[in-house]
Structures are given as structure tokens and as C-alpha cells.
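> What would the 3D arrangement of this be:
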Amino acid sequence: MKKAIVFIVAAMSCIAMVNGQQKSVIEWADIPAGTFTMGSPPDELSRDSFETEHRVTLHAFRMSKYEITVAQFKTFIDATGFITSAEKGTIGSYGSFTWDGKDFVDKTGVNWRCDERGNVLPETDYNHPVIHVSWKDAKAFAKWMKCRLPTEAEWEYACRAGTTGPFNTGKMLTTAQANCNGSSSTKDYPLGEFREKTMPVGSFQPNAWGLYDMHGNVSEFCHDRFGKYGRGAKTNPKGSLLWWERTMRGGDWVSFAWGCRSASRYTVPPFLSSAMTGIRLVTD
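Got it, this is the predicted structure:
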């Protein structure tokens, strides 16, 4: 299994020449067209009121099998000289929200080259998902790759992969199935590990459509602004036009299992960077 993971990550870290520029190689999963119920039922444990159930129909698309790695993001930086939000010091005087072992703190000098605690990441860990990037950084990377960020509907549909429960793993999510915070439990969520860090992409089993780490590891940016769903059926929805903050999905390494549900939604300002947020791409 370990050899297989090493092989997969090595393949993902390769670069290709496109229009005279070196581009990261992305492994894609084909996501079929279909209709599903987006949101969560009223009796789903730990649901939020803005997870209103409604029917959504989507065209077929392709989604990256893995979260974008540090190695892949570095290819973008090396080719373009792009300066991330954290490096610009966009918000006040700090670079990114960083884990200090108990909580997240504002820390200067932290960027995509760093780990969860703000230390420079060794190149041996460049198979981890890139963190300390903002929604704006993710959009720039996607544009350079001639791809895009998933809509919130595409993300949830792909995460579920035909399932209808809280997780694509069933009723429960354990820390043997995903990199989430197992330090607290309820009757439906057993105790487990709290690793306090990201894991290399592909460390856990994929869902039925071949997508890895849709639950936990890092929260993934969506294209959409955050807003209420409404109850009417929709086709290829693009999200709210009214709100400013963007949507994140999937939960992360510091989230308890219930925060990693298929229907869980989070908001983030488009320029905010943290040790929890990462990137996944789609293409039509």
C-alpha cells in the first residue's frame, strides 16, 4: 500500500510542457451527469439550518482525484512568480492562521512553503496538500491550469458519489477512514487519533468515484459565494450572487468528524489563508 501511494504521489508531482510553460500533471476522475439531493435531512446529526435539502441536476465533469499538493503549487509559483495573499500581508500584519498546538493564531511570515505550525516544510513533505493559500490564490492557480474551482453543488455531488448518508463512508467517519480530529466523540462518532497535521494525499481509501480525501485533511475552496440554497430544484447552480464570503467544503485535519459531513458548509473571506484550507480542481 505504501509503495502504491509513493508511486501515485510521484506521478502527481510530474510536470508537463503546455504552451511553453511547465504545468502540473493532474490525475482526473470522471464524474457522471446526474441528479441528487443536495443538503441534509432535518434529523442528520450536527446539521446546520442552511443545509436545506433540494434537488440538483448536474452535467458531467472531471474532478482532480487528489487535493493539490505543495509540489504542484510550487510548479505554478516557479513558472509565474505569483505572490500569494499571505506573502502580500493582505490582512493586517499577519500572513496566515497557524496552529500553535492549542488554537489558531495570526502569524507573520507564513505561506504555502510552511507546515501547519508555520515551519518551513521539507521537500520530502511536498506530497502533502498545499495550505496557507487563499481563495484568490486558488482561483489564480486554477486559471493558470486552464481549469476552475468546483461549484458547491459539484463538490457535494462528487463527494457523495451516489451515497445519501452523512458521509460517503456511511453513517460514521473514523480517523482510520479520513484525517479528522478524533479527540471528541458522540454515540455516532467514536474517539480516534488527532494527528494535528495534514497527511500525504491519497493516504486513505477513495470514494466510489475514485476521489481521495473528500472528507478531512484540508477544507477545499469552492467557486461559490456563500448563501442560502432555497428549496426549488436547480440545474448546474453557481451559488449566491449576494454574499461576499466564499464556500469551503469537506472539513479538515482539525475538524471533528461531524464537521466533515458531505453536506457541511463553511465560509471564508476570499483573501484569508490558513493551515486548514486547500485546493481541488475541476474541468468540463
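
> And the pLDDT for residue 23?
We have a pLDDT of 82 for residue 23.

> Which strand residues bridge it?
residue 16 (DSSP bridges).

> Isn't it up against residue 75?
Yes. In this structure, residue 23 is within contact of residue 75 by CB atoms under 8 Å, at 6.9 Å. Where C-beta positions appear, they are placed from N, C-alpha and C, glycine not excepted.

> the more surrounded of the two?
residue 75 (22 against 18; other CB atoms under 10 Å).

> Return, as residue ranges, the portions of the stretch 151-284 of the chain with sub-threshold pLDDT.
For the stretch 151-284 of the chain, the stretches with pLDDT under 70 are 187, 241.

> rerun at 90
By pLDDT under 90, the weakly predicted segments of the stretch 151-284 of the chain are 184-191, 228-231, 238-244.

> and the gap between residue 61 and residue 143?
Computed as CB to CB, to the nearest Å, the residue 61 to residue 143 distance reads 17 Å.

> Same drill for these two, tell me which one is more crowded.
Each of residue 61 and residue 143 has its neighbours counted (other CB under 10 Å); residue 61 has more, 21 against 11.

> ok, residue 227 touching residue 244?
No. With contact defined as CB under 8 Å, residue 227 does not reach residue 244; the gap is 10.1 Å.

> The two: which is more packed in?
Neighbours per residue, other CB under 10 Å: of residue 227 and residue 244, the larger number sits with residue 227, 16 against 10.

> which non-adjacent residue is nearest that one?
With CB to CB, 6 or more residues apart in numbering as the criterion, residue 227 has its nearest non-adjacent residue at 2.5 Å, and that residue is residue 240.

> if I look at the one you found, how far off is residue 226?
Note on residue 240: its distance to residue 226, by CB to CB, is 7 Å.

> For those two, indicate the residue with more neighbours.
A direct count of neighbours by other CB under 10 Å for residue 240 and residue 226 places residue 226 higher, at 20 against 17.

> can you tell me which residues contact that one?
Residues near residue 226 by CB atoms under 8 Å, 6 or more residues apart in numbering: 239, 240, 243, 245, 246, 247, 265, 267.

> Out of these, name the ones that lie in strands.
Mapping those onto strands (DSSP state E) picks out 246, 247, 267.

> Out of the residues you listed, which end up buried?
For those, a burial check counting by 16 or more other CB atoms under 10 Å picks out 246, 247.

> Can you tell me how far residue 282 is from residue 85?
Taking CB to CB, one finds residue 282 at 22 Å from residue 85.

> And residue 171, by the same measure?
38 Å.

> Which one of those two is surrounded by more residues?
residue 85 (23 against 11).

> still on that earlier bit, can you redo the contacts of residue 226 as a markdown table with distance to residue 97?
Listed next are the contacts of residue 226 as a markdown table, based on distance: CB to CB, whole Å:
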| residue | distance to residue 97 |
| --- | --- |
| 239 | 24 |
| 240 | 24 |
| 243 | 21 |
| 245 | 15 |
| 246 | 16 |
| 247 | 18 |
| 265 | 19 |
| 267 | 14 |
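
> Determine how far the strand ranked longest in the chain lies from the middle of the whole chain.
Longest strand in the chain, counting residues (DSSP E): strand 219-225. In terms of CA atoms, centre = their mean, to the nearest Å, the centre of strand 219-225 is set 8 Å apart from its chain centre.

> elements contacting that strand?
If you count contacts as 3 or more CB pairs under 8 Å, 6 or more residues apart in numbering; DSSP states H and E, strand 219-225 packs onto helix 152-160, strand 246-249, strand 277-278.

> Out of these, flag the one nearest residue 131.
Taking CB to CB, strand 277-278 is the member of the helices and strands packed on strand 219-225 nearest to residue 131, at 5.8 Å.

> Perfect, that will be all.
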